[in-house]
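Undergrad: coords please:
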Amino acid sequence: MARKPKSVIDIDKEIEALRAQRVASLEARADQIGKIAAKADLTTLKISDAELLREFQAIAERFRRKTDASDTPKA
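TA: Down below sits the predicted model:
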């Protein structure tokens, strides 16, 4: 038996639900990262938001390079 194609309205509802799930997931991850930062005593340092952001960006770039290197096929 053939499935009836979804309507645009149904698809839009699914997209909206996925966007809400994405926001919730990002917020949960941000909370988790904040707790880790607190455990590392970052909350006690006198460091500007701009400097802290640069350091977090450097960490993210380091992990991206590791991920990219591991995704590269080996000959």
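
Undergrad: what is the neighbour count of residue 7?
TA: 9 (other C-beta atoms under 10 Å). For glycine as for every other residue, the C-beta is placed from the backbone atoms N, C-alpha and C.

Undergrad: now do the phi/psi pair for it.
TA: phi -80, psi 160 (degrees, to the nearest 10).

Undergrad: tell me the pLDDT of it.
TA: Per-residue confidence (pLDDT) for residue 7: 96.

Undergrad: oh, and call the first residue 28 from now on, that's how I've got it
TA: I'll keep to 28 as the first residue from here, and by that count the last item is residue 34.

Undergrad: show me how the chain divides into domains.
TA: Following automatic domain parsing, one finds the domains of the chain at 37-66, 73-97.

Undergrad: how near is residue 81 to residue 68?
TA: Taking C-beta to C-beta, to the nearest Å as the measure, residue 81 falls 19 Å from residue 68.

Undergrad: same check, this time on residue 56
TA: 21 Å.

Undergrad: try residue 61
TA: In terms of C-beta to C-beta, residue 61 sits 13 Å off from residue 68.

Undergrad: which one of the two has more residues nearby?
TA: residue 61 (12 against 8).

Undergrad: now do the helix or strand containing residue 94: distance to the chain's middle.
TA: Assessed by DSSP states H and E, residue 94 sits inside helix 76-98. Per C-alpha atoms, centre = their mean, to the nearest Å, the displacement of helix 76-98 from the mean C-alpha position of its chain is 13 Å.

Undergrad: got the CA coordinates for that helix in CSV?
TA: Output in CSV follows, covering the C-alpha atoms of helix 76-98 (Å, rounded to 0.1, in the frame of the first residue of the first chain):
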residue,chain,number,x,y,z
ASP,A,76,34.7,37.7,28.1
ALA,A,77,36.6,38.5,24.9
GLU,A,78,39.8,36.7,26.1
LEU,A,79,37.8,33.7,27.4
LEU,A,80,36.0,33.5,24.0
ARG,A,81,39.3,33.6,22.1
GLU,A,82,40.6,30.7,24.3
PHE,A,83,37.4,28.7,23.8
GLN,A,84,37.7,29.3,20.0
ALA,A,85,41.3,28.0,20.1
ILE,A,86,40.2,24.9,21.9
ALA,A,87,37.4,24.3,19.4
GLU,A,88,39.8,24.8,16.5
ARG,A,89,42.3,22.3,18.1
PHE,A,90,39.5,19.7,18.3
ARG,A,91,38.3,20.4,14.8
ARG,A,92,41.8,19.8,13.5
LYS,A,93,41.9,16.5,15.4
THR,A,94,38.5,15.4,14.0
ASP,A,95,39.5,16.5,10.4
ALA,A,96,42.7,14.6,10.6
SER,A,97,41.0,11.4,11.8
ASP,A,98,38.4,11.7,9.1
